[in-house]
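> dropping the sequence and predicted coords here.
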Amino acid sequence: MEKLMERKLKDYAVLMLKGMGMGAADVVPGVSGGTIAFIVGIYDELINSIKSINLESLKLFFSGKWATFWKKINGNFLFFLLAGIGISVFSLAKLITWLLVNQPILVWSFFFGLVLASTWFVSKDIKEWKSWKTWVAFVIGAVVAFYITVATPAETPSNLLFIFLCGAIAICAMILPGISGSFILVLLGKYFFIMDAVKTLDLVIIVVFACGAFLGITMFSRVLSYALKHFRNITLAVLSGFMLGSLNKVWPWKETLETYVDSHGVVKPLVEANVMPGEYVWEAIVLMLVGFFLVYFLEKLSSAKTAKA
């Protein structure tokens, strides 16, 4: 954590922008904020910082040793990153949901290129592609992610306990590259319910969901941190597989099979199937390339900063 103390104000501004990128991705069903964290080079730091929120650090907090607690949990990093995520979610929720309804092909095209490039760049970090274990892990990750993308959304209750559980489950997906927390909410039947709560500032739903998310992420981060430390190649292979399998969800051209009516009486798609390209083909290709080269640029920028450090 000593390295983090060297960050200057502009570094924290950049960190907030990275958080905004994660927040924007998390709003879109099928795209993971964890993917963005991996691309911009903060994934390991994020997992380890979350893992540091434990009984030991909480004892520091409740005993009044707040400065030590803040340093222990890498507080500056988490604060600016979460601030960026929060700004993005609350400012972009309306825009992105509107674009998904009115310009879905163009939005999905951008994210298709982004996820495709992310799959390639994450897989580059795998050192043992010759091992059969790596390939098995990769295939398992791809199959699981693909299955999730074709699963049928469930009819679920809207009581506060279930909202709490949704927060705990979705947040685990949000920090996994390739597994979209938003899409998990779709499968749980609560994506638009939570989006409506964010847009209307329903504080009860937001707080209960956030409490579930806090519990889920602090527990799951320990598992993920251990896996990355002791089984890094296998874990990266699974994560790369997740990304590849999730491409099925972000394919731009879709046919709506089932719809639902939201709280405002607007008919929206619920279950969709992929179809061959029809309209906006050239525009879609351009946006795929934009998404791809955005990841390329961010990865190169992150690599250059790491090398300089």
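Sure, I can see it.
> ranges for the strands of the chain?
Counting by DSSP state E, one finds strands in the chain at the ranges 254-261, 267-274.
> may I have the first one as PDB, with CA atoms only?
Spelled out, that is strand 254-261. Only the C-alpha atoms of strand 254-261 are listed here, as PDB (Å, rounded to 0.1, in the frame of the first residue of the first chain):
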ATOM      1  CA  LYS A 254     -31.500  -9.100 -31.400                       C
ATOM      2  CA  GLU A 255     -35.100 -10.200 -31.700                       C
ATOM      3  CA  THR A 256     -37.400  -9.500 -28.800                       C
ATOM      4  CA  LEU A 257     -39.200 -12.700 -27.600                       C
ATOM      5  CA  GLU A 258     -40.800 -11.500 -24.400                       C
ATOM      6  CA  THR A 259     -41.600  -8.000 -23.100                       C
ATOM      7  CA  TYR A 260     -42.700  -6.500 -19.900                       C
ATOM      8  CA  VAL A 261     -44.400  -3.200 -18.800                       C
END
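> what strands line up against it, and which way round?
strand 267-274 (antiparallel) (DSSP bridges).
> look up how far Phe164 lies from Phe214.
Using C-beta to C-beta, to the nearest Å, one gets 10 Å for the distance from Phe214 to Phe164. Placement of C-beta: from N, CA and C, glycine included.
> who has more neighbours out of these two?
Ranked by neighbour count (other C-beta atoms under 10 Å), Phe214 and Phe164 place Phe164 first, with 19 against 15.
> touching, Thr97 and Val198? I think so.
No. When contacts are counted by C-beta atoms under 8 Å, Thr97 is not listed as touching Val198 (9.6 Å).
> which one's more surrounded, these two?
Using other C-beta under 10 Å as the criterion, Thr97 and Val198 rank with Thr97 on top: 21 against 17.
> for that one, what are its contacts?
For Thr97, the contact set (C-beta atoms under 8 Å, 6 or more residues apart in numbering) comprises 27, 195, 199.
> need the contact list for the closest residue to the first one other than its chain neighbours.
Okay, so that is Val27. Excluding the flanking residues, the one nearest Val27 by C-beta to C-beta, 6 or more residues apart in numbering is Ile96, at 4.8 Å. Ile96 is in contact with 24, 27-28, 107, counting by C-beta under 8 Å, 6+ apart.
> which one of those is nearest Ile47?
Taking C-beta to C-beta as the measure, Ala24 is the one of these closest to Ile47, at 20.4 Å.
> contacting residues around that closest one?
Ala24 neighbours (C-beta under 8 Å, 6+ apart): 88, 92, 96.
> distance of the last one from Lys10?
Here Ile96 is placed at a distance of 27 Å from Lys10 (C-beta to C-beta).
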